[in-house]
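K.L.:
Sequence plus the predicted model coming up.
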Amino acid sequence: MSRLVDRFGRTGFAAITSLIWALPMAAWAGSADLSPVDRTATPTIALAIGAVMLVVWLALVASLGRFQVSARPRRFDIGQMSPSEKRWTLGCAAFATGLIAWLNAAATVDWGPLGSAIGAGEVGPILLAIGLAVFALAMIAGIVLTWRQETEAFRRRLST
């Protein structure tokens, strides 16, 4: 554990390990959407797992202060980041959140009626499908652009 904290820094370690509760919570959100329809999903199980893992993660984050980290530049250490890096990282996180939301919505929707309406040549559903595709492409392009800019800002910080 000490090596992981030293490698990623306290901020990076906290961000990476937050997946232990974020993924079960996303599963809960998806199954909560489906549960009233098909009665097979059990959202309480995913919610309970996510809540337990949130407590575990909070204990991990609370214990980060006792681990020593070497003094060296780290990419995702908020205390070391330049204002430019912080802005581009926040932008990248926003685009990634938008893509995750799109994927979560896409996974919990019955696409049958939309496909039938598109097959029938209805204009509204076709425009909706185009809008959804444009949104997904915009999120992916935003992630790529902001990641590149954040990488460049990190390199500038290292060179100074």
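P.N.:
Nice, thanks for sending it over. Numbering: from 1, shown residues only.

K.L.:
Kindly list the single helix or strand of this structure that scores lowest on mean pLDDT.
P.N.:
In the chain, no helix or strand scores lower on mean pLDDT, DSSP states H and E than helix 19-38, which sits at a mean of 67.

K.L.:
What is the subsequent helix or strand relative to that one?
P.N.:
As assigned by DSSP states H and E, the chain's next helix or strand after helix 19-38 is helix 43-62.

K.L.:
Report the distance from the helix or strand hosting P113 to the chain centre.
P.N.:
Remark: P113 resides in helix 112-119, with elements defined by DSSP H and E. How far helix 112-119 lies from its chain's middle: 30 Å, per Cα atoms, centre = their mean, to the nearest Å.

K.L.:
got the buried residues for the helix or strand just after it?
P.N.:
For helix 112-119, the following helix or strand on the C-terminal side (DSSP H and E) is helix 123-159. For helix 123-159, burial by neighbour count (16 or more other Cβ atoms under 10 Å) applies to P125, M139, G142, I143, T146, W147, Q149, E150, A153, F154. C-beta coordinates here come from the backbone N, C-alpha and C atoms, glycine included.

K.L.:
What is the nearest of those to V5?
P.N.:
F154 (19.8 Å; Cβ to Cβ).

K.L.:
ok, now how distant is the residue nearest to that closest one when sequence neighbours are not counted from A96?
P.N.:
Leaving aside its chain neighbours, F154 sits nearest to R75 (5.3 Å; criterion: Cβ to Cβ, 6 or more residues apart in numbering). For R75, the distance to A96 equals 16 Å [Cβ to Cβ, to the nearest Å].

K.L.:
Over to A153?
P.N.:
Taking Cβ to Cβ, one finds A153 at 17 Å from A96.

K.L.:
Then L58?
P.N.:
Counting by Cβ to Cβ, the gap from L58 to A96 is 23 Å.

K.L.:
same check, this time on V56
P.N.:
23 Å.
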